[in-house]
Each structure stands twice: as C-alpha cells, then as structure tokens.
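Chemist: just need the structure, nothing else, for what follows:
(one chain, ligands or ions: 2)
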Amino acid sequence: MAFHSGFIAILGRPNAGKSTLVNKLVGRKVAIVSPRPQTTRNRIQGMLNRENGQVVLIDTPGIHRATTALNRQMMQEVSQAVEGVDIVSLIVDATEDFQAADRHSVEWVKRFSGPTYLLLNKVDRTRKDRLLPLIDRWRGENDFEEIFPISALTGEGTLDLVESWIARLPEHPAYFPEDQYTDQPERFLAAEIVREKAILLTREELPHAVAVLVDDFEEGEKLLKIRATIYVEREGQKGILIGRGGSMMKEIGTAARKELEELLGVKIFLELFVKVQANWRGNRAMVKQLDWHRQLEQMSEE
Ligand code: GDP
Ligand code: MG
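Modeler: Ligands and ions are numbered 1, 2, ... in the order given. Next comes the predicted model:
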C-alpha cells in the first residue's frame, strides 16, 4: 500500500476552531483552546498517524489585522506556517455568515499555489439548511479543491476529511516517529497550559494581556519541578490574577498542575509568580522571548 505524508496548514479567523480540530485529530492536547479570540500565538505542529499515511497539521494564530508587536509576530507565524506545506485548509465557523473579515482569510488562501480545502466547522450547532447557501457563498470567493462540513468538537465529518487529505499528500515516508505527536517541547506546553487556565478562569480584557514564561523546568526522578511567571500589563490585572488572598492563583495553579500531570504522566510541583510588565505586547524583546521556535534556535546555538 502506498504511504503518503506531508504538511497541512490550518488557517482561519480567530475562534473558528483551528486548535480544537488539531487536538481532536491528534487525539491529545497539543494546543490550548478558549472561547476568547486570539488564544493561539505560535504555530504548532500536531501529527496524526494512519495505516496509509502521516499527516502533520500546523495550527496557527487566527488571521486578524496586526496592530501590536505581538500581533505582527502572530501573523508572521501564519506566514511561516504556510511556507512549504502541501495543502492549506481554511476553517470557518459555519454558524456565521460570510463577513467582510473573511475576505482577509481568502487572500491568504489565494496566495497559496497548492490545493486548498474549506472546512465548515461547528456543524453540531449549525442548521443543516444553512450549509448549501454558505458553501455557494464561499465557492464564489475561491475555487476550493474540497469542501467539508465538520465538527472539530464531536469529530463529525473528520474521518472523510483525513482520508481525503492523505489521498492528496505526496507518496513519502513518515516525517516523524509514530510516538511524536507535536513539535512543541514540554517546557512550552507547560507555559501554554498555565496561560489557558489563566484565560479560562479570569474575565474581560485580561486574556490578551497574559503571557507565561517558564523560568525553571527540572526533571527529577519522581517529580517534575516547574517554575513559571505570569506576566500582565497592569497592577489591576495582577490583582485579578492573584485574587482574594491568592485564591485565583491557587485555582489556576491547581488546574494547570492537574492537566499537566495527566498530559505528561508525571507528578508535578508547579510554582507560579505574577509580574507586571507594562505594555509588553508592544515590546519586541518580550515578544521575541515568547516565540518558542526562536528560543529553541537560541538554546541550540549556545
Ligand atoms: P481557534 O481560535 O480557531 O483556535 O479556535 P479554538 O479551537 O480555540 O475554539 C474556539 C471556540 O470554539 C472554543 O470555545 C471551542 O470549544 C469552540 N469550538 C471549536 N470547534 C467547535 C465545534 O465544532 N463545535 C462547537 N460547538 N464549538 C466549537
Ligand atoms: Mg487556536
């Protein structure tokens, strides 16, 4: 049997369900998910293995207009994700009509010369009679090779999608060993899980202002010790994160530790700190520090 493998970039507006889809298909969490837009900041690969192929999915930050250094870095990630991939898949929220902001996504897709897919996501909450008109609308915008209605949440429609992807990927041996499910090192996954819990447990404008850096990641025989700092932009936000008598920090820490223990299969000691770094999203040095691809390059150079 021919074996196919290759790279597929998952693009789309914030909140379309890119990270949910990648996690669902990989079968475990590689990217954090939240109901707030712009949760994903870096491109992350997630691998899925079938008898007849290996698909390397690339989750990306949502396509949006870049205003801060952080946003520019995020769009840079999208651009790097598309480089050299075999297929680009645009995922859209099928519960919503085509909007002006979708034009921007279409432009990204049009720039790609290979096959493009349209994934109409969230069909678990979409009225079936909406789908055909929506498909027509999107067809008018771009000549997609394939269109799949799916639910990233329930997995509906995704078996056919994966088969179709594999059929279109070139004949090529697997790029990664079967037990490797992501390119994101555990140290950075840990930071992401802490950030996800901070986003999920706090409110309002806080999510965008939160960044997490792991200061220490020490693997002992029986215990993994992680020390991380949560950065926010203002004193008020720090107050919200800490909560009354430290209650919020405790909640974030416990939730993150439990999930990380489950994901990594080890006992974890997690210590969290909070720091204010005014306007870090506009600070290029700080944004660089958050770019784990760049951090990895620097570590290997040292
Ligand atoms: P991203 O910004 O494109 O990565 O979107 P996320 O994967 O973070 O998802 C954004 C929100 O949409 C989350 O609250 C998800 O639970 C939700 N979501 C994603 N896919 C589906 C789906 O197929 N059905 C439903 N009902 N919700 C979904
Ligand atoms: Mg995401």
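
Chemist: measure residue 106 to residue 144 for me?
Modeler: Residue 106 sits 10 Å away from residue 144, going by C-beta to C-beta, to the nearest Å. Backbone N, C-alpha and C define where each C-beta goes, glycine included.

Chemist: what packs against the helix or strand containing residue 294?
Modeler: Remark: residue 294 resides in helix 292-301, with elements defined by DSSP states H and E. Counting by 3 or more C-beta pairs under 8 Å, 6 or more residues apart in numbering; DSSP states H and E, no packing neighbours are recorded for helix 292-301 among the helices and strands.

Chemist: overlap in contacts, residue 106 and residue 144.
Modeler: The overlap between the contact sets of residue 106 and residue 144 (C-beta atoms under 8 Å, 6 or more residues apart in numbering) consists of residue 90.

Chemist: helix, strand, or coil at residue 47?
Modeler: For residue 47, the secondary-structure state derived from DSSP: H, G, I helix; E, B strand; the rest coil is strand.

Chemist: I'd say it and residue 184 touch.
Modeler: No: counting by C-beta atoms under 8 Å, residue 47 sits too far from residue 184 to count as a contact (11.3 Å).

Chemist: so between the two, which is more surrounded?
Modeler: For residue 47 versus residue 184, the count of surrounding residues by other C-beta atoms under 10 Å is larger for residue 47: 24 against 21.

Chemist: let me see the contact set for the more buried one.
Modeler: When the contact criterion is C-beta under 8 Å, 6+ apart, the partners of residue 47 are 26, 54-57, 175-176, 180-182.

Chemist: how about residue 215?
Modeler: The neighbours of residue 215, taking C-beta under 8 Å, 6+ apart as the test, are 227-229, 273.

Chemist: show the buried residues in the residues you listed.
Modeler: Among the contacts of residue 215, those classed as buried by neighbour count (16 or more other C-beta atoms under 10 Å) are 228-229.

Chemist: can you redo the contacts of residue 215 as TSV with distance to residue 36 and secondary structure?
Modeler: Converted to TSV, the contacts of residue 215 look like this (distance: C-beta to C-beta, whole Å; DSSP: H, G, I helix; E, B strand; the rest coil):
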residue	distance to residue 36	secondary structure
227	26	strand
228	20	strand
229	21	strand
273	23	strand
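
Chemist: which one of the contacts of residue 215 sits closest to residue 195?
Modeler: When these are compared for distance to residue 195, the smallest value, 9.3 Å, is given by residue 228; criterion: C-beta to C-beta.

Chemist: measure that closest one to ligand 2 for me?
Modeler: Relative to ligand 2, residue 228 is positioned 20 Å away (criterion: C-beta to the ion, to the nearest Å).

Chemist: do I have it right that that residue meets residue 269?
Modeler: No: with contact defined as C-beta under 8 Å, residue 228 does not reach residue 269; the gap is 11.6 Å.

Chemist: what parts of the chain come near ligand 2?
Modeler: By C-beta under 5 Å from the ion, the residues of the chain that approach ligand 2 are 18-19, 40.

Chemist: ok, and the most crowded of those?
Modeler: The member of those that has the most neighbours, counting by other C-beta under 10 Å, is residue 18 with 31 neighbours.

Chemist: isn't that residue right up against residue 40?
Modeler: Yes: with contacts defined as C-beta under 8 Å, residue 18 counts as touching residue 40 at a distance of 6.8 Å.

Chemist: please enumerate the shared neighbours of the two.
Modeler: Listed contacts common to residue 18 and residue 40 are 31, 59-60, 62; contacts here mean C-beta under 8 Å, 6+ apart.
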